[in-house]
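>>> how would this look folded up:
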Amino acid sequence: MVELNPNASPDFLFQFSIVVPTYNRPQYLARCLNALAQMTYPRDRFEVIVVDDGSAQSMAPTIAPFRASLNLTLIEQANGGPAKARNAGAAQAQAQYLVFTDDDCQPTPTWLQALEAKLQACPQALVGGHTLNALPDNLFSTASQILIDYLYDYYNARHQPSFFASNNFAMAVEQFQAIGGFDTSFPLAAGEDREFCDRWLQHQFPMAYAPEMTVHHTHQLSLKQFWRQHFNYGRGAYCFHQVKAHRAHGSVKVEPLRFYWQLLTYPLSQQSQPQGVLLSSLLLLSQVANVGGFFWERHQQKSVSSSAPVIP
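Just a heads-up that it's a prediction; the model follows:
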């Protein structure tokens, strides 16, 4: 059994390795690193691994000001998507536990203390934290966060936890390696965390929710970006269902209709009436985009499959 050791183990230089994938967003990355530098957790017990996933410009100048305050490593790779970037960071980790966040997230000062407290009780769990919208005046960002809140409520609060977003979760290196890391067949930031959680449960590993483990998510969205985000989520959903069906030797299964009805009415219970109606409308739009992305990806994969040469 993996046990949380308050002191550095002879086999590990650190307690936590924080992996941050980034792509063409130096300003976001700087805010993330600044938040990590403000944490109250002892500096000698965690490291930060930034994985530059093929940005147009080097992230070295962005991270340079933080080298004095953080145990910081920069990995540069050709663009391969966030799943590949996270795996690359995990491969260089020198800690007992991996912690994942994104470049547009700012963990709170007590983020790692909250994680450590949960791991004391559940050392073998995939621990997921709580995400807060850092842009409450942006209606599209608010709608996207409400969607995540609903998914956490649906998958975690009502039952044993089964889904955490990869911008705020952690696990033992040993178990990450045991399940094979992230599936790099997911090229987008969509669906790969859902598949990871599903595979984690397939290995009968536990999951635990730590709402005190909080990050602020600065995800600036316009209407066009909101549509593209949820279209890509639909693409990722198709990939997830394909992978899961293949693993279970079954057909693609989607959520029941009540899942979508509860989703569309969820903002009405969380917001004032005018705001709630607007957000419900955006969630409806998100699902239209999601369905579009799902069937677009299905068409693309079937087209590729049908055009592949048959080898006798």
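>>> which SSE is the residue nearest to the spatial centre of the chain in?
The centroid of the chain falls nearest to Ser166 when counting by Cα atoms, centre = their mean (1.8 Å). Assessed by DSSP states H and E, Ser166 sits outside every helix and strand.
>>> please name the spatially closest residue to it (chain neighbours excluded).
Asp193 (3.6 Å; Cβ to Cβ, 6 or more residues apart in numbering). Where you see a C-beta, it was placed from the backbone N, CA and C, and this is true even at glycine.
>>> just say helix, strand or coil for the one you found.
Following DSSP: H, G, I helix; E, B strand; the rest coil, we place Asp193 in the helix state.
>>> again, but for His241
Note that with three-state DSSP, the state of His241 is helix.
>>> state the pLDDT value of it.
Note on His241: pLDDT of 84.
>>> okay, now it: neighbour count?
Using other Cβ atoms under 10 Å, His241 has 19 other residues around it.
>>> again, but for Val127
Residues near Val127, counting by other Cβ under 10 Å: 28.
>>> from what I can see it touches Leu119, true?
Yes: here Val127 reaches Leu119: they are 6.4 Å apart, a contact under Cβ atoms under 8 Å.
>>> overlap in contacts of those two?
Ala170 (Cβ atoms under 8 Å, 6 or more residues apart in numbering).
>>> how is Leu147 assigned, secondary-structure-wise?
Per three-state DSSP, Leu147 ends up helix.
>>> where do the helices sit along the stretch 201-312 of the chain?
For the stretch 201-312 of the chain, the helices defined by DSSP state H, counting those that start in this stretch occupy 223-248, 257-270, 273-307.
>>> tell me which of the ones you listed sits most buried.
Highest mean neighbour count among these (mean count of other Cβ atoms under 10 Å): helix 223-248, with a mean of 18.
>>> and that helix, what does it pack against?
Here helix 223-248 touches helix 139-152, helix 192-202, helix 273-307, going by 3 or more Cβ pairs under 8 Å, 6 or more residues apart in numbering; DSSP states H and E.
>>> run through the strands of the stretch 51-200 of the chain in chain order.
Using DSSP state E, counting those that start in this stretch, the strands found in the stretch 51-200 of the chain span residues 72-77, 95-101, 105-107, 126-133, 168-172.
>>> a markdown table for those strands, including mean pLDDT and distance to Val291?
Listed next are the strands of the stretch 51-200 of the chain as a markdown table, based on pLDDT from 0 to 100; distance: least, Cβ to Cβ, whole Å:
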| stretch | mean pLDDT | distance to Val291 |
| --- | --- | --- |
| strand 72-77 | 98 | 33 |
| strand 95-101 | 98 | 28 |
| strand 105-107 | 98 | 28 |
| strand 126-133 | 97 | 24 |
| strand 168-172 | 97 | 27 |
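>>> nothing else from me, thank you.
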